[in-house]
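*Asks:* With the sequence up front, the predicted model follows.
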Amino acid sequence: MHLHKYEKIWLIFGMASLVLFLLIIGFAAFWKGTHPQSHIETIDPQNVEAHDAFKPENLGIREVADGKYIVNIVASAFNYDFGKDKEGNAIKTIRVPKGSTVLYQITTKDVVHGFQVAGTNVNMMVEPGHISRYETVMKNTGEFTVVCNEYCGIGHHQMFGTVEVYE
Ligand code: CUA
């Protein structure tokens, strides 16, 4: 078989790139221990209440230090559970002051959901059996809609909430 000079160059270039990329992935995965964010901590999806963060009384927002907050959420078809207020009504709006650091912790009881706070950089997959975490600084004021961006069934569009960042 005769290979043209340029074909040879491209073949070598292609092969070398492939080997290089595989080496980079291997280095990141096996040497640096990089893995999907949600694989850090597992949880029993049938019994999420057994985990401290997802006990009904611990859902919603909590100030843990000056300007630092944790928001615990349980996703299920078709609702985001942010806990209940004093009257026993489901909380749908999370309020944080501008510039605060917020750690979102979320898990799901059933299927895969996509937790996104539209207009911010909060956007993570929520998988049954895993806890997804993301910490960010809420830099801009406004009302940001929480949506589910992973089709999870007939009531997918009913999964929503609001994060209000005030001055
Ligand atoms: Cu939950 Cu779509």
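*Replies:* Received, thanks.
*Asks:* Which positions in the chain make contact with the ligand?
*Replies:* Contact residues, the chain versus the ligand (CB under 6 Å from any ligand atom): 113, 148, 150-152, 156, 159. Quick note: C-beta positions are derived from backbone N, CA and C, even for glycine.
*Asks:* For residue 15, state which of those residues is nearest.
*Replies:* Distances from residue 15 to the residues of the chain next to the ligand, taken as CB to CB, are shortest for residue 150 (36.5 Å).
*Asks:* Next, work out how far apart that closest one and residue 101 are.
*Replies:* 26 Å (CB to CB, to the nearest Å).
*Asks:* what about these two, which has more around it?
*Replies:* Legend: neighbour count by other CB atoms under 10 Å for residue 150 and residue 101, higher for residue 150 (18 against 15).
*Asks:* which SS class is the more buried one?
*Replies:* What DSSP: H, G, I helix; E, B strand; the rest coil gives for residue 150 is coil.
*Asks:* Do you know the pLDDT at the residue most central in space within the chain?
*Replies:* Centroid check for the chain by CA atoms, centre = their mean gives residue 124 as the closest residue, at 2.6 Å. With respect to pLDDT, residue 124 scores 93.
*Asks:* Could you export the strand or helix carrying it as CSV, CA atoms only?
*Replies:* According to DSSP states H and E, residue 124 maps onto strand 123-126. In CSV, the C-alpha atoms belonging to strand 123-126 read as follows (Å, rounded to 0.1, in the frame of the first residue of the first chain):
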residue,chain,number,x,y,z
ASN,A,123,-25.9,24.2,37.0
MET,A,124,-25.4,20.6,38.1
MET,A,125,-26.7,17.1,37.4
VAL,A,126,-28.5,15.4,40.3
